[in-house]
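S.K.: generate coordinates for the sequence data below:
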Amino acid sequence: MSELFLRTLRDDPADAEVPSHKLLIRAGYIRPIAPGLYSWLPLGLRVLRNIERVVREEMNAIGGQEILFPALLPRAPYETTNRWTEYGDGLFRLKDRRDNDYLLGPTHEELFTLTVKGEYNSYKDFPVVLYQIQTKYRDEARPRAGILRGREFVMKDSYSFDVNDSGLATAYDAHRVAYQKIFDRLGVRYVIVSAVSGAMGGSASEEFLAESAVGEDTFVRCLESGYAANVEAVTTARPEPQSVDGLPEPQVHDTGDTPTIATLVEWANSADLGVSRPVTAADTLKNVLLKVRQPDGDWELLGIGVPGDREIDEKRLGAALEPAEYALLGDGDFAKHPFLVKGYIGPKALQDNGVRYLVDPRVVDGTSWITGADAPGKHVVGLVAGRDFHADGTIEAAEVRDGDPSPDGAGPLVSARGIEIAHIFQLGRKYTDAFAVDVLGEDGRPVRLTMGSYGVGVSRLVAVIAEQQHDELGLRWPSQVAPFDVHVVIANKDEAARAGATELVAELDRL
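M.R.: Take a look at the predicted model:
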C-alpha cells in the first residue's frame, strides 16, 4: 500500500457531473488528460483488466477466437461501405506524410469481413466467431460524464460468420446468453431492449441497458408483458382507418394570430365549430419542415405531420432518417420557399409543391384535423386524411409517453433511463455484399456469407459498475472486478508480524 501509485483527492472535480466520474477521479482510478480522454492509473487498470477477463472467458466459452486489428485504418474499406461519409463528424480522419487518408477506427466490420474473405473459401470453414478487445475512437461533440462518454474507449467487438440465416440466429442467441452471463457475473442491473441498427445496418437488433438515472438512453417497457424497447425502436399502435362517408367538408377559418398549437386550440374553443366536446391539441395536425440529404446528396425539403399534442423526438427522428442528415428550416429557407407560411403550414401546399410529406402513424385515413391553411392567420377545420390530403408514408418521429399503449397490446408503457453497455445485431449480408464475400457451398456453388455483430463497452462498464454499486462511503466493487481481493495490513513494526503477513500474502497469491 505504501508503494502503490495512488493519490486520492479531497474534493470532487469541478467538471464532474455524475457519481462515477467524481468517485473514479477522487479515488485515484483515472485522470483526465483532455476532453473525453483519460489515463488509467493502477487501480483503475486492474478493474478494467478484470472486466476484460470476464468478457474473454465468456466469449471463449461460446467458441470465440480473439484477434487484434490496428486502430489506425485506411480509408478505402470504409469508402466501399459508404461509412467514410455516413459517420460524418464523429469520425477521426487524418492523413499520413504521403497525403493518404486514414481514420481512427470507431468500429471494425469492414476489417473483420475482409480478413475472413482473405483467409477462408469453403463452407467447411464455418461457422466462425472472431472477437477483439481494443481501443476505439469517436469524435464526440460533447464528451461528458467521464469514461461513460469519451472520445477514446475500450470495446469488445465480435463478429459471427455463417453460410445461412439459421447459423446467424444460433450465433446471435449464443452471444445474447453470453452477455447475460457477463453482466450477471459483474453484478450489473440491466434490461434487454429492442433497438434500431442505425449506421451499422442489419435487421434484428437489441441493446443491453444498465438501469441508471444518469443514463442518456430512454427506454420504455410494459410491466404486464415484459416488452422493452429503446424509444427509437418503439412502434406506434396504429388506429384502424375510418370511413370518410358523411364527414363535413373542410372549412377555412380566419384564426388571427395563432402560430402555435396553444393559440390555435384557444381559438378553436372560442369559435363556433359545432363540435360536441372541447378541442384539444390532439385534434390539431402540426406540420414540421426539415431539409434532409442522403450522403453525397443534395438537400431536399421534407414535411412531417404529427398530432399537435406531440413533440418531435430528435432521437426517433434521427433513427428514422438514418443515414440521411437533417436540419430544421431557418428563416433563409422559408424566404427561399414562399409557399411555406411559418406557423400556418398545411398538407395542401406541401402536396401542390412536390414536397415529400410523412405523417405519424396515428394520422390514418378518415381522421379529421385542424391544421394550417397555408396563409397567414388562417387554418382549415375538418381536413380529412385520405380524402382531402394524402401522405407519402409514415414516420416514427413523435415522442413516446408514459401511458402510451405497448406495441404488443398488453398494457401501458412506462419509461426509464439507462446506459448502453452492449448492442447485438443480425447484420445479415450488408458487409459481405459490399466486399463480395463468397465461399464454395456444399453443392459446389458460391454462397454469400451472413454476419452478426456484437459489442460490449468494456471501459464504460467500469463507470457503470461504479454508478450502480457505490454508497455514501464510496466505491463498492463486486468481487469479480475489485482491484484486490484482500488487503493485508501490518498494524505494527513487530518483525514476527511482518514475517507472518509476508507468509500469508504468499499463500493468498497461490490461491
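
S.K.: and residue 439, that's in a helix?
M.R.: No. Counting by DSSP: H, G, I helix; E, B strand; the rest coil, residue 439 is located in no helix; its state is strand.

S.K.: in the stretch 51-200 of the chain, which spans are strands?
M.R.: Listed in chain order, the strands of the stretch 51-200 of the chain (DSSP state E, counting those that start in this stretch) span 65-66, 72-74, 92-95, 101-104, 128-137, 152-162, 190-194.

S.K.: most tightly packed of those?
M.R.: The densest packing among those, expressed as mean neighbour count by mean count of other Cβ atoms under 10 Å, is seen in strand 152-162 with a mean of 23. To be clear about C-beta, it is placed using only N, CA and C from the backbone, and glycine gets the same treatment.

S.K.: tell me the mean pLDDT over that one?
M.R.: Confidence over strand 152-162 (mean pLDDT, whole number) is 98.

S.K.: elements contacting the one helix or strand residue 351 maps to?
M.R.: Using DSSP states H and E, residue 351 sits in helix 347-352. Helices and strands in packing contact with helix 347-352 are listed as strand 285-293, strand 300-307, strand 356-359, strand 368-375; criterion 3 or more Cβ pairs under 8 Å, 6 or more residues apart in numbering; DSSP states H and E.

S.K.: make it 7 Å
M.R.: For helix 347-352, the elements it packs on are strand 356-359, strand 368-375, judged by 3 or more Cβ pairs under 7 Å, 6 or more residues apart in numbering; DSSP states H and E.

S.K.: and those as TSV, adding distance to residue 175?
M.R.: Supplementary listing: the helices and strands packed on helix 347-352 in TSV, determined by distance: least, Cβ to Cβ, whole Å:
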stretch	distance to residue 175
strand 356-359	34
strand 368-375	46
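
S.K.: any chance of the ones you listed in JSON lines, plus mean pLDDT and mean neighbour count?
M.R.: Compiled in JSON lines, the helices and strands packed on helix 347-352 are given as follows (pLDDT from 0 to 100; neighbours: other Cβ atoms under 10 Å):
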{"stretch": "strand 356-359", "mean pLDDT": "97", "mean neighbour count": "20"}
{"stretch": "strand 368-375", "mean pLDDT": "95", "mean neighbour count": "23"}
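
S.K.: and those strands: which comes nearest residue 408?
M.R.: If you check each of those against residue 408 by Cβ to Cβ, strand 356-359 wins as the nearest, at 23.3 Å.

S.K.: what pairs with the closest one, parallel or antiparallel?
M.R.: strand 300-307 (parallel), strand 393-394 (parallel) (DSSP bridges).

S.K.: quick one: distance of the next helix or strand along the chain from the longest one to the chain centre.
M.R.: Proceeding N to C from strand 300-307, the next assigned helix or strand is helix 314-321, under DSSP H and E. On the basis of Cα atoms, centre = their mean, to the nearest Å, the separation between the geometric centre of helix 314-321 and that of its chain is 10 Å.

S.K.: and the helix or strand just after helix 314-321, what's its mean pLDDT?
M.R.: Scanning forward in sequence from helix 314-321, with DSSP H and E defining helices and strands, the next element found is strand 325-328. Mean pLDDT, strand 325-328: 91.

S.K.: who touches strand 325-328?
M.R.: Identification of contacts with strand 325-328 by Cβ atoms under 7 Å, 6 or more residues apart in numbering yields 88, 290-293.

S.K.: now the residue nearest to residue 189 when sequence neighbours are not counted: how far from residue 471?
M.R.: In space, not counting the residues next to it along the chain, residue 189 is nearest to residue 211; the distance is 5.0 Å by Cβ to Cβ, 6 or more residues apart in numbering. With the distance defined as Cβ to Cβ, to the nearest Å, residue 211 ends up 17 Å from residue 471.

S.K.: next one: residue 24
M.R.: Residue 24 sits 15 Å away from residue 471, taking Cβ to Cβ as the criterion.

S.K.: these two: who's more crowded?
M.R.: When residue 24 and residue 471 are compared on other Cβ atoms under 10 Å, the one with more neighbours turns out to be residue 24, at 27 against 7.

S.K.: list of residues touching the helix holding residue 351?
M.R.: Counting contacts by Cβ under 7 Å, 6+ apart, the residues outside helix 347-352 that touch it are 287, 303, 305, 339-340, 357, 371, 374, 389.

S.K.: still on that earlier bit, next up, the contacts around the residue nearest to residue 189.
M.R.: Applying Cβ under 7 Å, 6+ apart, we find residue 211 in contact with 189-191, 416, 418.

S.K.: residue 320: which of those residues is nearest?
M.R.: Distance to residue 320 across the contacts of residue 211 (Cβ to Cβ) is lowest for residue 418, with 21.0 Å.
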